[in-house]
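Colleague: got a predicted model here, sequence first, then my questions.
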Amino acid sequence: MSEAPALALPGEFVLLAGFLGSGKTSLLMDWLALPEAADTAVIVNEAGEIDIDGAVIATSGQLPMAMLSNGCVCCTLNNDLVETVGALLEARAESGSPPFRRIVLECSGLSMPGPILRTLGALAPLRMRVRVLATCDAGQAAERAKHFEEVAAQLAAAATIVLTRLDLAAPEALAEARALVATVNPFATLVEEPDRARRAALAFTAPLPSGAALAPPAAAALPHPRIATALARFSEGATLDDKFDFLENLAAFAGDRMLRVKGFLYPEAGAPPLLVQAVGSLFTPPAALPDARGAEEAVVLISRDLPLSELRAAFAGAPVTFSGVQPGRPALRAQAAG
Ligand SMILES: Nc1nc2c(ncn2[C@@H]2O[C@H](COP(=O)(O)OP(=O)(O)OP(=O)(O)O)[C@@H](O)[C@H]2O)c(=O)[nH]1
């Protein structure tokens, strides 16, 4: 990064954290739709091999964007993130466009913010302010926090916590989510705003605590031993009904062990892919995503205590095969930056 000070530097680095399915991509999309989000660059880190968030975010138009794929960024402490930021800044400078106002890193839902912040220490010479923003699913966070230390770690690191999916939350669950935030991080600014555009604006512009400094990189974090990421691919000849049957059966079989389901299905050759997704066993209606044409047909499954062998045994007769996604060195796939 020695040439970095010669570049036009962005003011802010936004670390967007939050548990699986807690609404990070949606909050980011809501923000990117606002005029004040101009000159934002986005880096996406997906736990699964398929870049679904990237494909979704790319639908918001011309956006300087880069991917850190195939591994949760906090488990793969290395220079890729720093190199990615450098590449985005260089491409921006070459394009002659105005400097970025901010760079947003959407972390995978399993990321621990602490190790990422330590990695970012290498960016200290760029003197960006660091905004740690965490999404907190109003209906599910309290229950998730009982089982996953990542939830509390993400909330604890945040300067701003945004309650999301408010319209889906039962009043008791919402009260528990508020109590969780108050316990884990009473100093954070809490955004609880039903209107999604206002929610996004508040989230990305809430005042920052002064003096947030980056520390130098340190040791790697522990991986997430109980959590597994698998990829389901369908056999040739499997119909759309077969695929939806599989997803339904999977939800019934895995129950609350299934944390997140996300993927693309093609209804027929030549048609745009359908984005299918569930948080826990709650499915969102599938949506056609014409801009993602060409994406591989597969579904990412993120589960807890559900070994690949058990999945394979349970669906031995189904037209589907499973492969494991190893948290490894993230493969950097830079997209159009400029
Ligand atoms: N009803 C409702 N649905 C929402 C809201 N925010 C997000 N969702 C839905 O919740 C699901 C998960 O949202 P995402 O934005 O993909 O969550 P994420 O945190 O980026 O997910 P991962 O990247 O997989 O961790 C999607 O089906 C969204 O459409 C909301 O405010 N209301």
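Modeller: The structure has been received and is ready for your questions.
Colleague: run through the strands of the stretch 151-300 of the chain in chain order.
Modeller: Per DSSP state E, counting those that start in this stretch, the stretch 151-300 of the chain carries strands over the ranges 160-164, 189-191, 227-234, 258-265, 274-279, 282-288, 298-304.
Colleague: low-confidence stretches in the chain?
Modeller: Along the chain, segments meeting pLDDT under 70 span 1-10, 47-62, 69-79, 209-225, 326-338.
Colleague: I'd say Ala41 and Arg92 touch.
Modeller: Yes. At 7.2 Å, Ala41 counts as touching Arg92 under the criterion of CB atoms under 8 Å. All C-beta spots, glycine's among them, are computed from the backbone N, C-alpha and C.
Colleague: hang on, the earlier thing: let's have the strands of the stretch 151-300 of the chain in a markdown table, adding mean neighbour count.
Modeller: Below are the strands of the stretch 151-300 of the chain laid out as a markdown table (neighbours: other CB atoms under 10 Å):
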| stretch | mean neighbour count |
| --- | --- |
| strand 160-164 | 27 |
| strand 189-191 | 19 |
| strand 227-234 | 20 |
| strand 258-265 | 23 |
| strand 274-279 | 21 |
| strand 282-288 | 13 |
| strand 298-304 | 22 |
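Colleague: between those strands, which one is nearest to Leu16?
Modeller: With CB to CB, the closest approach to Leu16 among the strands of the stretch 151-300 of the chain belongs to strand 160-164: 9.5 Å.
Colleague: ok, and what's touching the closest one?
Modeller: Contacts with strand 160-164, where a contact means CB atoms under 8 Å, 6 or more residues apart in numbering, come from 18, 22-23, 26-27, 131-138, 155, 174, 177-178, 181, 185, 188-192, 199, 202-203, 206.
Colleague: now whatever residue of the stretch 101-250 of the chain ends up closest to the ligand: phi and psi?
Modeller: Of all residues in the stretch 101-250 of the chain, the one sitting closest to the ligand is Gly109 (3.0 Å; CB to the nearest ligand atom). Per-residue torsions, Gly109: phi -70, psi -10 (degrees, to the nearest 10).
Colleague: the spatially most central residue of the chain: which element?
Modeller: For the chain, the residue nearest the mean C-alpha position is Ser108 (4.0 Å; CA atoms, centre = their mean). Following DSSP states H and E, there is no helix or strand that holds Ser108.
Colleague: gap between it and Ile116?
Modeller: Using CB to CB, to the nearest Å, Ser108 is found at 10 Å from Ile116.
Colleague: can you check Pro186 too?
Modeller: Relative to Ile116, Pro186 is positioned 23 Å away (criterion: CB to CB).
Colleague: cool, Leu27 as well?
Modeller: Using CB to CB, Leu27 is found at 18 Å from Ile116.
Colleague: circling back to that earlier point, in TSV: the strands of the stretch 151-300 of the chain, plus distance to Glu150.
Modeller: Putting the strands of the stretch 151-300 of the chain into TSV (distance: least, CB to CB, whole Å) gives the following:
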stretch	distance to Glu150
strand 160-164	14
strand 189-191	19
strand 227-234	9
strand 258-265	10
strand 274-279	15
strand 282-288	20
strand 298-304	11
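Colleague: dump those strands to TSV, plus distance to the ligand.
Modeller: Conversion of the strands of the stretch 151-300 of the chain to TSV gives the following (distance: least, CB to the nearest ligand atom, whole Å):
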stretch	distance to the ligand
strand 160-164	5
strand 189-191	12
strand 227-234	11
strand 258-265	5
strand 274-279	5
strand 282-288	3
strand 298-304	7
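Colleague: what's the closest of these to Phe246?
Modeller: Minimum separation from Phe246 across these (CB to CB) falls at strand 227-234, 7.3 Å.
Colleague: who touches that closest one?
Modeller: With CB under 8 Å, 6+ apart as the test, strand 227-234 has contacts from 47-50, 110, 242-243, 246, 250, 259, 263, 297-304, 306-308, 311, 319-325, 327.
Colleague: if you set the cut-off to 6 Å instead, what comes out?
Modeller: With contacts defined as CB atoms under 6 Å, 6 or more residues apart in numbering, strand 227-234 is touched by 47-49, 243, 298-304, 308, 319-325.
Colleague: direction included, what does that strand pair against?
Modeller: Sheet pairing of strand 227-234 (DSSP bridges) gives strand 298-304 (antiparallel), strand 320-324 (antiparallel).
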